[in-house]
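Peer 1: I need the structure of the sequence given here:
(one chain, ligands or ions: 1)
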Amino acid sequence: MITALTIADVKKYVNEWKKNGESIGLVPTMGYLHEGHASLIKRAREENDRVIVSDFVNPTQFGPNEDLDSYPRDFEADKSLCESIGADLIFHPTPEEMYGESHFTKVHVDTLTEGLCGAVRPVHFDGVCTVVTKLFHIAEADRAYFGQKDAQQLAVVKRMVHDLNYNIEIIGCPIIREEDGLAKSSRNTYLSPEERKAAVILSASLRDAGAMIDSGEKDLGKITALITEKIKTEPLARIDYVSAVDFTRLKPKKTLDGDETLIAIAVYIGKVRLIDNIIVR
Ligand code: PAF
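Peer 2: Numbering: from 1, shown residues only. Sure thing, here's the model as predicted:
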């Protein structure tokens, strides 16, 4: 597996692969890889001739009081995981390499970025859209793989690709969970043992909602109320949002109507903000 630290290095390999007519799958990550990332890399491996994993904690998607400095990092472990799955190249640039001394351009997706996580993370999605645009261009990827856990990110990136006619297919992949249901996330490492136990309330509340839907309930007000009540039973949990929106425009919905509905939650467990969701028809 190739380790590339510079954009020029990635381009050198990409040019070669493109000349040979090979397809390229990109898995954008911020490193500290877990089974969730592994599932994306495996899928990319199955569907492309070449697989590039980017491993870059992108500073522009963190707000001033967020966890940029403490975000977990372990590049050696990331390299081993990528190599074991058969990635061809891992791209690990510095912020200076990605953004140079000055950077005047950003990509902004309107409306879809205003609610849910965008409401408390105002610069986040501009940072995500800008960095993934750069990665798409550097890797000249045919396909890019994103986890459904960051469902708003997935919807925003899909919209950007649609609106700006990017020549890339965005593939959303299922959430990978711990045995007790907690969605895998690099930020789970911030949880104390007590908080880790409490965090199971997120997936448990969504499981209850799933059961309510399976039994025929279509009223999203009742479904989100059930989730809210369940989360409130956990003393360490504080709700940021419990929302039901349509999965393409992220507009609030009142009833399940056969189109994809995203039921998304963000909950603080102690100081750690966790997200989870289900997508239902
Ligand atoms: O989901 C993430 O890890 C990041 O937001 C991404 C897509 C790698 C962009 O930095």
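
Peer 1: ok, the closest residue to the ligand within the stretch 151-281 of the chain - contacts?
Peer 2: As assessed by C-beta to the nearest ligand atom, the ligand sits closest to residue 153 within the stretch 151-281 of the chain, at 5.8 Å. No exception for glycine: its C-beta is placed from N, CA and C like everyone else's. Neighbouring residues of residue 153 by C-beta atoms under 8 Å, 6 or more residues apart in numbering: 125, 128, 146.

Peer 1: for the second one, which non-adjacent residue is spatially closest?
Peer 2: If you skip the residues right next to it in sequence, residue 128 has residue 61 as its closest partner in space, 5.0 Å away by C-beta to C-beta, 6 or more residues apart in numbering.

Peer 1: before we move on, what about the last one?
Peer 2: The shortest distance from residue 146 to any residue other than its chain neighbours is 4.9 Å, reached at residue 154 (C-beta to C-beta, 6+ apart).

Peer 1: give me the distance from the helix or strand hosting the one you found to the chain's centre.
Peer 2: Using DSSP states H and E, residue 154 maps to helix 151-163. From the chain centre to the centre of helix 151-163 is a distance of 11 Å (C-alpha atoms, centre = their mean, to the nearest Å).

Peer 1: just the strands in the stretch 151-281 of the chain please.
Peer 2: Taking DSSP state E, counting those that start in this stretch to define them, one finds strands in the stretch 151-281 of the chain at 169-173, 237-246, 261-269, 272-280.

Peer 1: quick one: the longest one to strand 272-280, angle?
Peer 2: Regarding strand 237-246 and strand 272-280, their directions subtend 30 degrees when assessed with axes from the mean of the first three to the mean of the last three C-alpha atoms, to 10 degrees.

Peer 1: what about strand 237-246, average pLDDT?
Peer 2: On average, the pLDDT along strand 237-246 is 98.

Peer 1: just checking, what packs against that strand?
Peer 2: helix 220-232, strand 261-269 (3 or more C-beta pairs under 8 Å, 6 or more residues apart in numbering; DSSP states H and E).

Peer 1: which one of these lies nearest to residue 68?
Peer 2: Smallest distance to residue 68 across these (C-beta to C-beta): 18.5 Å, for strand 261-269.

Peer 1: tell me which residues in that closest one are buried?
Peer 2: Buried positions in strand 261-269, judged by neighbour count with 16 or more other C-beta atoms under 10 Å: 261-267, 269.

Peer 1: name the residues of the stretch 51-200 of the chain found near the ligand, please.
Peer 2: Within the stretch 51-200 of the chain, the positions lying close to the ligand (C-beta under 6 Å from any ligand atom) are 58, 61, 128, 131-132, 150, 153.

Peer 1: repeat the analysis, applying 8 Å as the threshold.
Peer 2: Residues of the stretch 51-200 of the chain found near the ligand (C-beta under 8 Å from any ligand atom) are 54, 56-58, 61, 127-128, 131-132, 135, 146-147, 150, 153, 157, 186.

Peer 1: okay, residue 160: pLDDT?
Peer 2: At residue 160, the predicted lDDT confidence score is 98.

Peer 1: which residues touch it?
Peer 2: Counting by C-beta under 8 Å, 6+ apart, residue 160 touches 107, 109, 129, 132-133, 166.

Peer 1: do a quick rundown of the helices in the stretch 1-150 of the chain.
Peer 2: Along the stretch 1-150 of the chain, the stretches classed as helices by DSSP state H, counting those that start in this stretch are 7-19, 35-47, 75-85, 95-99, 117-120, 124-139.

Peer 1: which outside residues touch the third one?
Peer 2: Put plainly, it is helix 75-85. Helix 75-85 is contacted from outside by 1, 3, 29, 31-33, 37-38, 41-42, 45, 53, 55, 90, 92, using C-beta under 8 Å, 6+ apart.

Peer 1: give the buried residues for it.
Peer 2: For helix 75-85, the neighbour count (16+ other C-beta under 10 Å) marks 78-79, 81-82, 85 as buried.
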